[in-house]
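**Q** The sequence and its predicted three-dimensional model are supplied below.
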Amino acid sequence: MSAILLIFLAALVLLPSTSRAQGSPWLRLGGHGVPAYTWADPVPRGRSLGEIRLVQPTIMAHAGAFSDQLRFVGTLNLEGLTIEDGELAMGDWGEGFIDRRHPHTYVHEAMLSFEREIGRSSESPRIALSAGKGFAPFGTDDPMSRPIFRYPVNHHLALILERAVLILGVKTGPVVVEGGLFNGDEPERPGQWPRVSRFGDSWSGRFTISPIAELELQGSHAKVKSPEHRLGFGTDQNKWSVSGRWSGTVARRPVYGLVEWAQTTEADGFFRFHSLLAEGAWTLGRSRLHYRFERTERPEEQRTLDPFRSLRPHLENSILGTTRWTIHTAGVSFQFRPAGILSASPFGEVSYGRIKDVGGGLFNAQAFYSKTSFWSISLGARLSLGMPLHRMGRYAVAQDTARPTDMEHHGRHE
Amino acid sequence: MGAMNSRHALWLPLLLVGGACGDNHKPSAAASAMEIFGGNGQGGAPSNALHDSLRVKVKDETGNPVSGVMVAWSVVSGGGTVSPSSSATNSDGVAATQFTLGLTEGEQRAQAQVGGLAGSPAVFTEIATTSPTQVNLRVVAGGNNVPERYSSDLWVHGNYAYTGTWGLRDQQGNLLKIWSLDASGAPTLVNSLIVNDVGTVSDVQVTDDGQTLVLSGEVGDSGGIFVYGLSDPAHPVRQGFATVGLRGIHTVSLSTIGGRLYAFAAMNPGFSGDATEDKPALMIYDITDRFNPALARREPIEPHYGIHDTYVRDGIAFVFAWDEGVIIYDVGNGMRGGSPLAPVKISQLITSARGATSPSVHNGWWFHNPVSGEARYLFIGQEGPANIGVSSSGDIHVVDVLDLAHPREVAFFHLGGAGTHNFWVDEEKQVLYAAYYNAGVIALDISGTLSGNLSDRLLSQVKPGGPSNTFTWGVQLANGSLYAIDMESGLWQLKTE
């Protein structure tokens, strides 16, 4: 792990944004990180809590060769070093964390794709095979590459990430169809790799259409075997996702918008969780305003003596209830380029949310949090060196279906 | 046409022999042995027909069923009647009759007879009582008495009950609660004991002599087993412990084998990343020296969610290991030379997934039927997905373990919208009591032969805390009462009649 990190760091220093003419092999590198202060009230057991953390420390590498028929997308994520105990984020859950976002695995993405046209015309359909560790073709984009800092509650309903995955994709005109095989197990710690023996026990498919360049509509479905029990003996999930995404201009201003609905059922429908999310960003010169509405249901799992952690590995298939999190998040950020390849984007963000017990169960939000609404404030700065964060989770033919999220406020990333 | 005639010609003598033998209650030439196939050990009201027919099976020397053998049925004692008084074995080698009990209460016997067969006569022993399986569960005392914590397991000994606590309510489930039972059996809380650095007191049991209490703890840094002296039963005093760390112990069962006291503990899976170390295991502790529990054996279990419970009786340990099913060990029975220090696996059965999404084998009870004298049935609780406090799933699976080396699933009980948890069996009355989470407590008639769907054997059901305040974890019959521990509403005293 440290060797890989050293190579990336050395390359980042020595080759800050190396790019060659199309047809020649090329490599682009970037680094990203967000020092941030987050305060939330209440947190579990009714107190308030503020923390300063370096979140989303990532190093990206993109490369191409053979006239871009061969592509590589790599993302190292160092959250295992900076937020070992997770990031304070009320409502978030997954991988044994609850009311905290878990750190990602060190190798967040390492995907190699081979892509070519079927035919001789540049308008011919294109086919691609991608393999490596990364996102399964399901749902929407990684929240890290979206304008709102706060991680949405729904990211375990709307995404399937950090898997050993093999994807076959076809693009013809405005349509992209992808199918993927992957391992169902979610990681349990940053240094963990997907269980190779489980590769292929889960699958997903995604249909994407872009009727116009700025608009992307997708629907996807996945069957995931035992995601919460690494050895494969837990309950299976059935997932659906539908979304519409806009990335373009409105009244000559860059505007981003996303509306998504997701559903996950588990244990043959015994458990059912829904999510509805809408978010947008509006850029005015160097300033950008953003807002997100989210209503997501999550399972309430038995916690350990640490109220931010849930029991892993699972001992049984029980939950304590379901809570619905309705959260409004609004914020503003400013873009600076203090020097050459370095960009900085200070931001401030406020969230207000309501927590509701739905469907009964032992869990009582009022008793556990002492109230059923919460406030959260985050102050920080996105720092980028070299290539900015790319749109994670889409590879090869799916990579260019629509404009990437305008993290830099202007223009495309690649 | 010629071939047909030849075949008929071959069968004709056999049929004639069978018919002739039937008249004389003698077997066909091929039949060599007879055995009881079902209906033994039932209870019923005097003058009433038993629930199940009496059945025998006739086999040849190689164990194949023999059809066409006439079996003579007769009443041996009790004054009842059998009908028909003779019947022929079918293609499975089985012959049956219906036994209507006589007027007198107590044991009544009937028999099947075929001259010259090993195992003949086969004697059926049944019990006639005025209300053999009449159970009416009703709440008489207790309840809503642990408002600050969720409750877990219970054990009753003498005039005291001990209950565990679970997870996090207003307070963490790190307490053992001690209850005094008054002359009527009603519980009153008299003491609470903190178990440091655990989040759940998951199981509790008292030795038969009432001198020692052992509990298990999990969800905390000090998961393990804890041994307490009960010289003053209201004030347990900690004597020894054995910890396994954060992974914890899910349940513990006590058994005296070879004059030594052992604790059979179900250790949860670990999460170190080392596959061998992380395997769940049956941990067998020698706690004869209460102050120094010693690990006698660590028996790894495949990590299909792990081992949930153990039932030990007659030197046989039944390990309930989720999707690994039930694993049967000789730990001192003698049949395979096993001991607590060196258990010998006898067999393993993965029960049906019916009732949940997987076998989810959680707990069990090996039923020793005092009427039939058989230890034929193992009842297995299946713990399916649950939304604790609201809904649950999982059936009772019945396994025939008369031949411990070849267990086979023979029956099940399903209750819609709810799942089973821990059991207690009134063996004398042949009634199984099951905690049934959101369905409360049920009583099930387990007399006689158990086969197929047992839904018509439900005798009674009660939700101690009412429809929205019931999620019952365990039950125990003691001092003429049935005690039920409910995660939400605490300790209840029930009556069964």
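**A** Cool, got the structure. Everything numeric here is computed off the predicted structure, so don't read it as measured data.
**Q** And for B:Gly334, the neighbour number?
**A** 11 (other Cβ atoms under 10 Å in any protein chain shown). C-betas here are computed from N, CA, C, even on glycine.
**Q** let me redo that: B:Ser85
**A** Neighbours around B:Ser85, by other Cβ under 10 Å: 12.
**Q** In contact with it, which residues?
**A** Residues in contact with B:Ser85 (Cβ atoms under 8 Å, 6 or more residues apart in numbering or on different chains) are B:Ala72, B:Trp73, B:Ser74, B:Thr97.
**Q** any idea how far the residue in the stretch 1-150 of chain B positioned nearest to chain A lies from A:Phe271?
**A** Of all residues in the stretch 1-150 of chain B, B:Tyr150 sits closest to chain A, at 6.6 Å by Cβ to the nearest Cβ. Separation of B:Tyr150 from A:Phe271 (Cβ to Cβ, to the nearest Å) stands at 20 Å.
**Q** Could you do B:Thr129 as well?
**A** Distance, B:Thr129 to A:Phe271, by Cβ to Cβ: 46 Å.
**Q** likewise A:Gly46?
**A** When distance is defined by Cβ to Cβ, A:Gly46 is 27 Å away from A:Phe271.
**Q** need the residues of the stretch 101-250 of chain A near chain B, please.
**A** Residues of the stretch 101-250 of chain A lying close to chain B (Cβ under 8 Å from any Cβ of the partner chain) are A:Glu188, A:Arg189, A:Gln192, A:His229, A:Leu231, A:Phe233, A:Gly234, A:Thr235, A:Asp236.
**Q** got the contact list for the residue most central in space within chain A?
**A** Closest residue to the average C-alpha location of chain A: A:Asp142 at 2.0 Å, with Cα atoms, centre = their mean. Counting by Cβ under 8 Å, 6+ apart, A:Asp142 makes contact with A:Phe135, A:Leu159, A:Leu161, A:Arg391, A:Met392, A:Gly393.
**Q** Kindly indicate the member of those with the most neighbours.
**A** Highest neighbour count within the contacts of A:Asp142: A:Phe135, with 27 neighbours (other Cβ under 10 Å).
**Q** Can you name the residue of the stretch 101-250 of chain A nearest chain B?
**A** A:Phe233 (4.5 Å).
**Q** Am I right that that residue sits in a strand?
**A** No. Counting by DSSP: H, G, I helix; E, B strand; the rest coil, A:Phe233 falls outside a strand, being coil.
**Q** Excluding residues flanking it in the chain, which one is nearest it?
**A** Using Cβ to Cβ, 6 or more residues apart in numbering or on different chains and skipping residues adjacent in sequence, the residue nearest A:Phe233 is B:His304, 4.5 Å away.
**Q** Okay, strands next: where are they in the stretch 301-414 of chain A?
**A** For the stretch 301-414 of chain A, applying DSSP state E, counting those that start in this stretch gives strands covering A:318-319, A:321-334, A:336-339, A:342-358, A:373-386.
**Q** for the stretch 101-250 of chain A, which spans come out with low pLDDT?
**A** In the predicted model of the stretch 101-250 of chain A, no residue satisfies pLDDT under 70.
**Q** all helices for it, in order.
**A** A:155-158 (DSSP state H, counting those that start in this stretch).
**Q** re the thing from before, show me which of the contacts of B:Ser85 are buried.
**A** By neighbour count, with 16 or more other Cβ atoms under 10 Å in any protein chain shown, those hold B:Ala72, B:Trp73, B:Thr97 as buried.
**Q** Intersect those with the contacts of chain A.
**A** Contacts with chain A are made by none of these, judged by Cβ under 8 Å from any Cβ.
**Q** May I see the residues you listed arranged in a markdown table, with pLDDT, secondary structure and distance to B:Ser393 as well?
**A** A markdown table is the format used below for these (pLDDT from 0 to 100; DSSP: H, G, I helix; E, B strand; the rest coil; distance: Cβ to Cβ, whole Å):
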| residue | pLDDT | secondary structure | distance to B:Ser393 |
| --- | --- | --- | --- |
| B:Ala72 | 96 | strand | 47 |
| B:Trp73 | 97 | strand | 43 |
| B:Thr97 | 96 | strand | 39 |
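**Q** Spit out the contact partners of the residue sitting furthest away from the middle of chain A.
**A** Distance from the centre of chain A peaks at A:Arg120, with 35.8 Å (Cα atoms, centre = their mean). Taking Cβ under 8 Å, 6+ apart, we find A:Arg120 in contact with no residue.
**Q** quick one on the thing from earlier: of B:Tyr150 and A:Phe271, who's got more company?
**A** Higher neighbour count among B:Tyr150 and A:Phe271: B:Tyr150, with 26 against 21, using other Cβ under 10 Å.
**Q** out of everything not next to it in sequence, what's closest to residue 79?
**A** Using chain A here. A:Pro103 (3.6 Å).
**Q** you looked at the wrong chain, it should be chain B
**A** B:Gly79 sits nearest to B:Gly102 (Cβ to Cβ, 6+ apart), 3.1 Å away.
**Q** And for that neighbour, the neighbour number?
**A** Around B:Gly102 there are 17 residues (other Cβ under 10 Å).
**Q** Quick check: it touching B:Pro46?
**A** Yes. Here B:Gly102 reaches B:Pro46: they are 6.6 Å apart, a contact under Cβ atoms under 8 Å.
**Q** what residues are shared contacts of those two?
**A** Any residue near both B:Gly102 and B:Pro46 by Cβ under 8 Å, 6+ apart counts here, and that gives B:Ala128.
**Q** partners of B:Arg408 in the sheet?
**A** Using DSSP bridges, the beta-bridge partners of B:Arg408 come out as B:Asp400.
**Q** Could you do B:Ala266 as well?
**A** B:Thr251, B:Leu282.
**Q** how far away is it from B:Trp322?
**A** 10 Å.
**Q** Quickly list what's touching both of these two.
**A** Taking Cβ under 8 Å, 6+ apart as the criterion, B:Ala266 and B:Trp322 both touch B:Gly306, B:Ile307, B:His308.
**Q** Excluding sequence neighbours, find me the nearest residue to A:Tyr256.
**A** A:Tyr256 sits nearest to A:Ala281 (Cβ to Cβ, 6+ apart), 4.4 Å away.
**Q** Tell me how many other residues surround that neighbour.
**A** A:Ala281: 24 surrounding residues under other Cβ under 10 Å.
**Q** Alpha carbons of whichever strand or helix holds B:Ser151, as CSV, please.
**A** B:Ser151 is part of strand B:150-157, with elements assigned from DSSP states H and E. Once non-C-alpha atoms are left out, strand B:150-157 reads as follows in CSV (Å, rounded to 0.1, in the frame of the first residue of the first chain):
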residue,chain,number,x,y,z
TYR,B,150,-34.5,-4.2,27.0
SER,B,151,-34.6,-7.7,28.5
SER,B,152,-32.9,-10.8,27.2
ASP,B,153,-32.7,-14.3,28.7
LEU,B,154,-34.1,-15.7,32.0
TRP,B,155,-33.5,-18.5,34.4
VAL,B,156,-35.6,-19.4,37.4
HIS,B,157,-34.3,-21.4,40.3
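**Q** hmm, whatever helix or strand B:Gly164 lives in touching chain A?
**A** If you go by DSSP H and E, B:Gly164 is part of strand B:160-166. No. Strand B:160-166 does not reach chain A (Cβ under 8 Å from any Cβ); its nearest approach is 8.6 Å.
**Q** That strand pairs with which strands?
**A** strand B:150-157 (antiparallel), strand B:175-181 (antiparallel).
**Q** neighbouring contacts of that strand?
**A** Contacting residues not belonging to strand B:160-166 are listed as B:146, B:149-156, B:171-181, B:187, B:200-204, B:206, B:213, B:215, B:233-234, B:236, B:473, B:478, B:483, B:485, B:487, B:490-491 [Cβ under 8 Å, 6+ apart].
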